[in-house]
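J.: Give the three-dimensional model of this entry:
(3 chains)
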Amino acid sequence: MTERMDQIFVLLRQWLVGFLPEAWQAAAGVVLSVAAIVCLFPALFALTTVFERKGLARIQNRIGPNRVGPFGFFQPVADGIKSLTKEDIVPISADGVVHFLAPVVLVVAVFMGFAVLPMGRNMVLVDADAGLLFFFAVGASTELSVFMAGWSSRNKYSLLGAMRAVAQMISYEVPLLLSSVAVVMIAGSLSLTKIVEAQNHYTWGLPHWYIFTPWGLAGFLMFAIAATSETNRSPFDLPEGESELVAGYHTEYSGFKFALFFLGEYLAMFSISGLGTTLFLGGWSAPFSWLGWVPSWIWFFSKVMLSIFVFIWLRGTLPRLRQDQLMNFAWKFVLPLTLTNLMAAAAWRFLGDGWERWVVCSAVLALAYAGLGWAEMRRGHFGPRSYRYAE
Amino acid sequence: MSFVFYILAAITVAGALAAVTLKNTVHCALALTVAFAGLALLFLELDAQFAGFAQILVYIGAVAILVVFAILLTKGSETPKDGVYSRHWFSGLVIAAGAFAVLGWAVIKSGGAVPRGPDGTPTVTVLDIGNALMSRYVLPLEIVALLLTAAMIGAVLVAMHEKEEKK
Amino acid sequence: MLGEGIVKGLVETARNFAGSFVSAERLTTVQYPEERIAPIEATRDFPFLVYDGQDWEAGMRCVACQICEKECPPKCIYIVKSTDKKPDFVGKPQFYPARFDIDISVCMSCQICVEVCPFEAIKMDTEFELSTDDRFGGLLHDRERLARSNEYYHRIHPTEADEVDARLAEAKAKADAKSTAAHISAAVRGAEIPARPAGGGD
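T.: Predicted structure coming up:
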């Protein structure tokens, strides 16, 4: 029975596809899975917008939207109707084709990332051998759409915002990849299903998730920081925070195209949370071995929603980072720590089983963190600013 | 030579043609990105997963961004006044043909070094690539890494040097 | 250490989040328009004209001296003086405003008209739900709309209204004492006692 609940979507797909002739079944199965992803994640996006507004509100001592529907949960319907019926303004000097394609490229690239996430046992759309690489490849394509949006608007503030966003995304791309490389090293494969399989073992009821190892915890924290920055999320949301203040790369977009950018950002949040869950939190495996009867997809989505709540929590807590502070942080703190993490993970592998590897890896990582942290906090010297072009 | 191959080849060639004939340089860069994407899909169609994904990650995710940044930070974004066709097209054609000949010869000759599956098609997994990079090709890898580091340090020095001068 | 501040901040916001479900201190939202907070006494929104007694036309304190019209910074008051006179609270015949319009889309609630009025005729109201969909005259309040009784004034600004009433009573007493003195001195001098005019608006 639990087996059937676990595999219910797979069985459902097989049953539906069984109605078609033999030759079409494989393609139809793929189409069904794609349709499921395309319907499910935007629905989750709608739910997340309400959760975010109400969560942020509660953190800020107020109630969020509570007029539309029970406790305000139909607010995304109102928002959707609003964004669909708004006039679509395109500046007359804007580059029409590129302006139109930018949100399309963003949403397409982000949706492609969902193809390799294992959302449950046997529930991957594409079980690629190099699944992790595919994910990062399409993630890198989102930067191109940001640039296209900023450039095609023919607005210097848009372009500036787009440049900053691209610089930010590129800088944090490196720690993102390097912290995942540690996982790949230990798991021995780039395939996400194999990584989840490697974490699906239990010792005394506790799981072998990588977050419960010293290098895994450090890696997860850095992955989380880099993920927050990749999706332009607070406290790294200067590109979109600017649009509240001055401008940003999606200034000249209105109506549905803006909604597509918004959708793209939240979906990117979902997919990168899904990746973080797969790499560090054990994907669809249950936290305790005696909880294995709960379907695997419930665990996956609970962990993803938990990550989303942490994102919302961070947004409500931290002030925005300035661009140069952000870049300093990436190159001078996160990157060296990621490299140290890689070496700690290698040491973990080669020291073999036992208590020594816990002590050595924890000591090395704690020392690196404290040392780099001390070096970063030391730069409190606020002297007179020097300008490169103004003098 | 399946149907999918023809579509992908058409996309790649169209992108490359657009990249050399369009007037607006940023449009050219974006068309070049389409050509890169077409190439990546061709790699994937040939079941070379690592090459395809690395093509997307490196070329579309980094090189295309680099190209557009370079265009924007120089005066390249203005449309050229005297057309995009140069007077020395014949020498360009000769050089391109020469490069193609060298690369083609290298590719054809390398056919023997690739591990093949039971039906004769080459099967290269990520593991094989990793092993090769770390054992047989480790010297080129380290030289390339050194070159990239030198480029990065050079860029930082050039940027920093201006600031020192202005002080 | 690096990260300490962030952790403290996260703990604080978590406390806020959890506390907002249980304690009123951490959820200070008032669900307007179902719930309202009572305004404090010194609230001021837009001016209104005070009248004594029941009849707003007869009891209006305003004598159309037009000082408020001249002092108003955005010039949102428009007064047309009447051609005849009617007696005020002391008994003296005074002009009254035939038109008294305030454009509340222009009024900036600076209270200067209240401060300069010598007759305590214009005071600040506390009503703010004045939005209307009539874009051509809906925000131009005329004399009838602006007139509010002295009882209303007592209700919205009790302390102020008491002070104003005390001042007016004092002025009336002084005026009565002066006219009584005038009567007595006239009687002493043997002049004709002038008829006491009917006291208006007490």
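
J.: my read is C:Val7 is in a strand, agree?
T.: No: assessed by DSSP: H, G, I helix; E, B strand; the rest coil, C:Val7 does not belong to a strand; its assignment is helix.

J.: How many neighbouring residues does A:Gly131 have?
T.: Neighbourhood size, A:Gly131 [other C-beta atoms under 10 Å in any protein chain shown]: 25. Backbone N, C-alpha and C define where each C-beta goes, glycine included.

J.: quick one: it and chain C, what's the gap?
T.: 32 Å (C-beta to the nearest C-beta, to the nearest Å).

J.: Also B:Arg136?
T.: 43 Å.

J.: State the phi and psi torsions of that residue.
T.: phi -80, psi -30 (degrees, to the nearest 10).

J.: Tell me, how many residues neighbour it?
T.: Close neighbours of B:Arg136, defined as other C-beta under 10 Å, add up to 10.

J.: Quick check, pLDDT for it.
T.: On pLDDT, B:Arg136 comes in at 90.

J.: Give me the below-cutoff pLDDT ranges for the stretch 101-250 of chain A.
T.: The model of the stretch 101-250 of chain A has pLDDT under 70 over residues A:242-247.

J.: Look through it and state the residue closest to chain B.
T.: A:Ala140 (2.4 Å; C-beta to the nearest C-beta).

J.: Contacts only, for that residue.
T.: A:Glu173, B:Ile56, B:Leu57, B:Ile60, B:Gly61, B:Ala62 (C-beta atoms under 8 Å, 6 or more residues apart in numbering or on different chains).

J.: Alpha carbons of the helix or strand containing it, as CSV, please.
T.: Counting by DSSP states H and E, the element that carries A:Ala140 is helix A:131-152. Output of helix A:131-152 as CSV, limited to C-alpha atoms (Å, rounded to 0.1, in the frame of the first residue of the first chain):
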residue,chain,number,x,y,z
GLY,A,131,22.2,15.7,-14.8
LEU,A,132,23.9,18.2,-12.5
LEU,A,133,25.9,19.6,-15.3
PHE,A,134,22.7,20.1,-17.3
PHE,A,135,21.1,21.9,-14.4
PHE,A,136,24.0,24.3,-14.1
ALA,A,137,24.2,24.8,-17.9
VAL,A,138,20.6,26.0,-18.1
GLY,A,139,21.0,28.0,-15.0
ALA,A,140,23.8,29.9,-16.8
SER,A,141,21.4,30.7,-19.6
THR,A,142,19.2,32.7,-17.3
GLU,A,143,22.0,35.3,-17.1
LEU,A,144,21.7,35.8,-20.8
SER,A,145,18.0,36.7,-20.5
VAL,A,146,18.7,39.2,-17.8
PHE,A,147,21.2,40.9,-20.0
MET,A,148,18.8,40.8,-23.0
ALA,A,149,16.1,42.4,-20.9
GLY,A,150,18.3,45.2,-19.7
TRP,A,151,19.9,46.0,-23.1
SER,A,152,16.7,45.9,-25.1
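
J.: Name the residues of it that come out as buried.
T.: A:131-152 (16 or more other C-beta atoms under 10 Å in any protein chain shown).

J.: Likewise for stretch A:18-35?
T.: A:Ala28, A:Gly29, A:Leu32, A:Ser33.

J.: how far away is the first one from chain B?
T.: According to C-beta to the nearest C-beta, A:Ala28 stands 19 Å off from chain B.

J.: swap in the second one?
T.: As judged by C-beta to the nearest C-beta, A:Gly29 and chain B stand 19 Å apart.

J.: For A:Leu125, which non-adjacent residue is closest in space?
T.: Using C-beta to C-beta, 6 or more residues apart in numbering or on different chains and skipping residues adjacent in sequence, the residue nearest A:Leu125 is A:Ala115, 4.5 Å away.

J.: mind checking which helix or strand A:Gly282 is in?
T.: Using DSSP H and E, A:Gly282 falls within no helix or strand.

J.: okay but it is in contact with A:Val196, surely?
T.: Yes: at 6.8 Å, A:Gly282 counts as touching A:Val196 under the criterion of C-beta atoms under 8 Å.
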